[in-house]
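**Q** Got a predicted model here, sequence first, then my questions.
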Amino acid sequence: MKAIEVTLLRGLGRERRHWGDFARLLESELHNAIFSYIDLPGTGELHQSPSPWSIQALAATLPSPEVKSGTLRVLVAISLGAMVGFEHLLRSEGRAFDAVVLINTSFGGWNPMWQRARPTAWWQLLRVACSCTVEQREQRILQLVSARVERIEQHLPGFVQIQQSAPVSLWTLLAQMLAAARYRPLLPVGVDFPPILILNSRGDQLVSSCASQTIAARLGATLHTHPHAGHDLPLDEPHWTCAQVVDFVRCIRDEPA
């Protein structure tokens, strides 16, 4: 049976602690796996580092791929983090990971702008960037990415503490927003992609669920859709998201060599 290494990448202005209950569930289900939680420059442990202004430059900050015989290397990434992880996969010609899970993301050139960010989302993102207090900013972010009022109330105090302990600057938010808006992946000719699972949410107020449908069709990936969760699917539905990832990983791990 293969060993498992799981790399997790968060999205816009978020860091490893924002995985919350989903990470704990995933570690419990895949209890023998090795987990790596990566903070992008400008967030988490790297919150004092300047954030690059392109997805390509962000992908270049990730560790170089290392092929390990007998090890299943899995990427789980959401939103902007999924763009960074996918670009890392492209740069390695498909060798960086053996299985990939992309959550509620979009790609320029593949998805029209109205799918990449819903019309009302631009105004809400501007309100986030212009928030006066930490509490106001985190509440507006949660209102944008969560479709469940009880989740907003549950996580707001903890998310405020995270921002206070490792503040994400306005410049980091703007840099990451610009990087995401400009990202247009270029598929290398003949690249051999590993198995890809795409998860999306019909209740996503930030990115249209149609974006994931287009990406899945173009990559020949498996697509699973939650009927009502918001953009932050692991936050709104950690048990459902964990179950999808675990089933996907175990199916690939148990395939005959």
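**A** Yep, that arrived.
**Q** going forward, measure contacts between C-alpha atoms and count neighbours the same way
**A** OK.
**Q** mind listing the helices for this structure?
**A** 20-29, 55-59, 80-91, 113-116, 119-129, 134-145, 149-165, 170-182, 209-219, 233-236, 238-253 (DSSP state H).
**Q** Okay, angle between the longest one and helix 134-145 too, please.
**A** I take that to be helix 149-165. Between helix 149-165 and helix 134-145, the angle comes out at 140 degrees (axes from the mean of the first three to the mean of the last three CA atoms, to 10 degrees).
**Q** Now do the buried residues in helix 149-165.
**A** 152, 155-156, 159-160, 162-163 (16 or more other CA atoms under 10 Å).
**Q** repeat for stretch 204-223
**A** 204-213, 215-216, 221, 223.
**Q** Let's have those residues in TSV, adding pLDDT and distance to residue 81.
**A** Below are the buried residues of stretch 204-223 laid out as TSV (pLDDT from 0 to 100; distance: CA to CA, whole Å):
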residue	pLDDT	distance to residue 81
204	97	16
205	94	18
206	94	15
207	96	14
208	95	17
209	96	17
210	96	19
211	97	15
212	98	14
213	97	18
215	97	15
216	98	17
221	98	18
223	98	18
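**Q** quick one: which of the residues you listed is nearest residue 188?
**A** Sorting the buried residues of stretch 204-223 by how near they are to residue 188, with CA to CA, puts residue 215 at the top with 15.7 Å.
**Q** Quick check: the closest one touching residue 112?
**A** No: using CA atoms under 8 Å, residue 215 is not in contact with residue 112, being 11.8 Å away.
**Q** Quick test: name the residue nearest the centre of the chain.
**A** Centroid-nearest residue in the chain, with CA atoms, centre = their mean: residue 78, separated by 1.3 Å.
**Q** Return the residues in contact with that residue.
**A** 9-11, 102-105, 232 (CA atoms under 8 Å, 6 or more residues apart in numbering).
**Q** Just give me the neighbour total for residue 20.
**A** Residues lying near residue 20 (other CA atoms under 10 Å) number 14.
**Q** ok, now residue 120?
**A** Per other CA under 10 Å, the neighbour tally for residue 120 reads 12.
**Q** And the pLDDT for it?
**A** The per-residue pLDDT reported for residue 120 equals 79.
**Q** So it versus residue 204, what's the distance?
**A** To residue 204, residue 120 is 12 Å away according to CA to CA, to the nearest Å.
**Q** before we move on, back to that, residue 116: which of the buried residues of stretch 204-223 is nearest?
**A** For the buried residues of stretch 204-223, the nearest to residue 116 is residue 207 (5.2 Å; CA to CA).
**Q** give me the number of residues near residue 83?
**A** Close neighbours of residue 83, defined as other CA under 10 Å, add up to 28.
**Q** show me what contacts residue 179?
**A** 52-55 are the contacts of residue 179 under CA under 8 Å, 6+ apart.
**Q** Need the pLDDT of it.
**A** On the pLDDT scale, residue 179 gets 97.
**Q** From residue 131, how far off is the residue lying closest to it once chain neighbours are set aside?
**A** In space, and not counting its chain neighbours, residue 179 is closest to residue 54: 4.1 Å by CA to CA, 6 or more residues apart in numbering. Distance of residue 54 to residue 131, given as CA to CA: 24 Å.
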